[in-house]
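A.B. asks: Okay, here's the prediction I keep looking at, along with the sequence it came from:
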Amino acid sequence: MDIRVRFAPSPTGHVHIGNIRTAIFDWLYARHSGGKFLLRVEDTDRERSTQAAIDTLLECMKWLGLDYDEEIFYQSKNAQAHVDAAAKMLETGKAYRPKVAGPEPAPVIFRLPWDTDSNPDVRIAGNAELITDPSVPVKISSSGIHFAQLNEKGKSTERSASLAGFHQLKILDAAGTCLFEIEKEIGNIFSKDASFEIANSAKLVFQRREIVFKDIIKGELAKPLDGMKDLVIVRGDGTPVFHLANVCDDVEQKITHIIRGDDHVENTYRHIFLFQAIGFPVPIYGHLPMIVNQAGKPYSKRDGDAYVGDFRSKGYLPDALFNYLSLLGWSPGDDREKMTRKEIIDAFTLERVKSSSAQFDMNKLGNMNGQYMAEMDPAKFVDETWKEAESQGWTAGVDRAYFAKVAGLMQSRMKLYPQVSSWKFFFFDEYEKDGKAVSKFLSDKKVIDAIKQIHDKLSADSEFTLDSIQKSIREAESLSGIQEGKLNQPLRIAVTGLSTGAGIYETMEMLGKEKTIRRLKSFSA
RNA sequence: GUCCCCAUCGUCUAGAGGCCUAGGACACCAGGUUUUCAUCCUGGCGACACCGGUUCGAAUCCGGUUGGGGACGCCA
């Protein structure tokens, strides 16, 4: 069988980190199994769907390397097929139009099938009974059953459900007398549209049936039919509803495996009936656990950095994000974490996906990003950091060759591109200074004196090398009675304005004699 | 409210009844290297939610409790 999976986002906003994780898993599954990865844009909600959202989606997917097979499938372009499918169901009695009171046209409603005896996805789950509130009459018609259920505490809640879940239904009063038997009336209900209203009902006794499917990730999942309702598939205004469109398009695209977020589990029970009604084999399902934010809560609009585009602009590498996201809810089963795309594809199976939700950890992503940066091709690293510096607006007058040398010195300690702003001191005399560090390390008179000595020594020296720099510093330390090495940090701050960076000797050498001396002078005054 | 799902270090995870004194990674802490901060290296801290049951033996199987999450639209 040719495996065909799809990623089917609705373009109603930015691409969310959870959505793209779904896309990654879909893509991984397709690539691992040698199947097709299809993209379907579910733009039936015309009012909320925008071209801008589609563009961002495509851009994000491209950035992450999620290439899709075949043409993009736009759901809106298949609307006629959806309506036709509904019309056919109407003809064959699988769907109906309810009577509506107002002037608005009636929607088309799909009826959960009554006859499920030969349905391989429905099974009998024993007998069930529900306690009902006698003061609310039970209403039965072809569009379903309505009653008031009484819970253990005696609280009454009104419920309605499809008739499909109430085979062998008997309605009993408080004395146990049978008031109604569904098997006797079912013919009339469906063929003559008979309806009933039964007062004084105390108990519903029926054979419970449930719809069941085997989820590759979550295992066997089932839902009793008596908890399900018939569903609207075409609105009163004639437009198809998500459920219908989704299923029709899966049929159209010949989807074999539906891998999506687990917020769709409940929909699956209904979609299975829809696939059967259309006459298409039910696909294999896999429901992915969700990703929650750092507070452990589901992502919402408030989580500003939950958009894929934000990760890009903050300087995360696509491979690092991809690698990190693939590890959220999945692992190869051994201790590997940093893996190439090929390794991930080879190791990826849905059976290894966890069914519990995973919390996003910026720290770990940052660490992984740093690993990817450290092992980047140096030339590419120079290109990318240069681009970043350019967008930060400070490349004017900067010598590119010198910039490349600085990049070489700094590459192994970078975690994010925007950190290039901390390289400015190499190129300009105007740069930000860490005020706290300055006051902490450069307030002691002994230190200031020592810096002056170093300044004088370096100015007088003809050479300016790692060795000569180090020698000058050691001499100044011993002359001022400062412990060896204790001048390094004050010097770093005096010369770079920062408390962290590469080795101070290398940094000074890279900076050059002239700039180094000039900066030391401003502190030794 | 009803139905459904989930539960191992702070976080991501390994773990399919004995290889578990529960392994790895991030974070954190300490030491080493860099006569320096960071990087890097080594080490440490740190979890089977709880209660019962099955079993010679349970993180693993079963039941319950608690906690978290999801679904209940003429949204997708």
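C.D. replies: Looks like it arrived, so ask away.
A.B. asks: In a helix, A:D117, correct?
C.D. replies: No - counting by DSSP: H, G, I helix; E, B strand; the rest coil, A:D117 is not found in a helix; it is coil.
A.B. asks: For it, give me the pLDDT.
C.D. replies: According to the prediction, A:D117 has pLDDT 90.
A.B. asks: how much space between it and A:T50?
C.D. replies: Remark: distance between A:D117 and A:T50 (CB to CB, to the nearest Å) = 47 Å. For every residue, glycine as well, the C-beta is placed using N, CA and C.
A.B. asks: Give me the more crowded residue out of these two.
C.D. replies: A:T50 (14 against 9; other CB atoms under 10 Å).
A.B. asks: Now for the residue lying closest to that one once chain neighbours are set aside, how many residues are close by?
C.D. replies: Nearest non-adjacent residue to A:T50, counting by CB to CB, 6 or more residues apart in numbering: A:P11, 6.4 Å away. Residues contacting A:P11 under the criterion other CB under 10 Å number 22.
A.B. asks: A:N367 versus A:P11, what's the distance?
C.D. replies: 33 Å.
A.B. asks: got it, and A:W330?
C.D. replies: 19 Å.
A.B. asks: Wasn't A:R6 part of a strand?
C.D. replies: Yes - assessed with three-state DSSP, A:R6 lies in a strand.
A.B. asks: does the closest residue in space to it that isn't next to it in sequence count as helix, strand or coil?
C.D. replies: Of all residues not flanking A:R6 in the chain, A:L38 sits nearest, at 4.3 Å (CB to CB, 6+ apart). Three-state call for A:L38 (three-state DSSP): strand.
A.B. asks: could you list every residue that touches A:L38?
C.D. replies: Contact partners of A:L38, counting by CB atoms under 8 Å, 6 or more residues apart in numbering, are A:R4, A:V5, A:R6, A:F7, A:Y68, A:D69, A:E70, A:F73, A:Q253, A:I255.
A.B. asks: mind running it again at 10 Å?
C.D. replies: A:4-8, A:26, A:30, A:68-73, A:249-250, A:253-255 (CB atoms under 10 Å, 6 or more residues apart in numbering).
A.B. asks: What is the burial count for the closest residue to A:I216 other than its chain neighbours?
C.D. replies: Nearest non-adjacent residue to A:I216, counting by CB to CB, 6+ apart: A:G286, 4.0 Å away. For A:G286, the neighbour count with other CB under 10 Å is 22.
A.B. asks: A:G286: which element?
C.D. replies: strand A:284-288 (DSSP states H and E).
A.B. asks: How about A:G154?
C.D. replies: Applying DSSP H and E, one finds A:G154 in no helix or strand.
A.B. asks: can you map out the strands along the stretch 51-200 of chain A?
C.D. replies: Assigned by DSSP state E, counting those that start in this stretch, the strands in the stretch 51-200 of chain A fall at A:73-74, A:95-96, A:108-110, A:122-131, A:138-141, A:144-150, A:156-161, A:167-172, A:178-181, A:196-198.
A.B. asks: Parallel or antiparallel, which strands does the fourth one pair with?
C.D. replies: Strand partners for strand A:122-131, identified by DSSP bridges, are recorded as strand A:203-215 (antiparallel).
A.B. asks: Could you export the partner strand as CSV, CA atoms only?
C.D. replies: Taking Å, rounded to 0.1, in the frame of the first residue of the first chain, the C-alpha atoms of strand A:203-215 are listed here in CSV:
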residue,chain,number,x,y,z
LYS,A,203,-35.1,4.6,33.5
LEU,A,204,-33.8,3.9,30.1
VAL,A,205,-32.6,0.3,29.5
PHE,A,206,-30.8,-0.5,26.3
GLN,A,207,-28.0,-2.4,24.6
ARG,A,208,-24.9,-0.2,24.4
ARG,A,209,-23.0,-0.1,21.2
GLU,A,210,-19.7,1.6,20.7
ILE,A,211,-17.6,2.8,17.9
VAL,A,212,-14.0,1.7,18.1
PHE,A,213,-10.8,2.3,16.3
LYS,A,214,-7.2,1.4,16.8
ASP,A,215,-5.0,4.4,17.1
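A.B. asks: And RNA strand B, is it touching that?
C.D. replies: No - no part of strand A:203-215 sits near RNA strand B under the criterion CB under 7 Å from any atom of the strand; the closest distance found is 8.6 Å.
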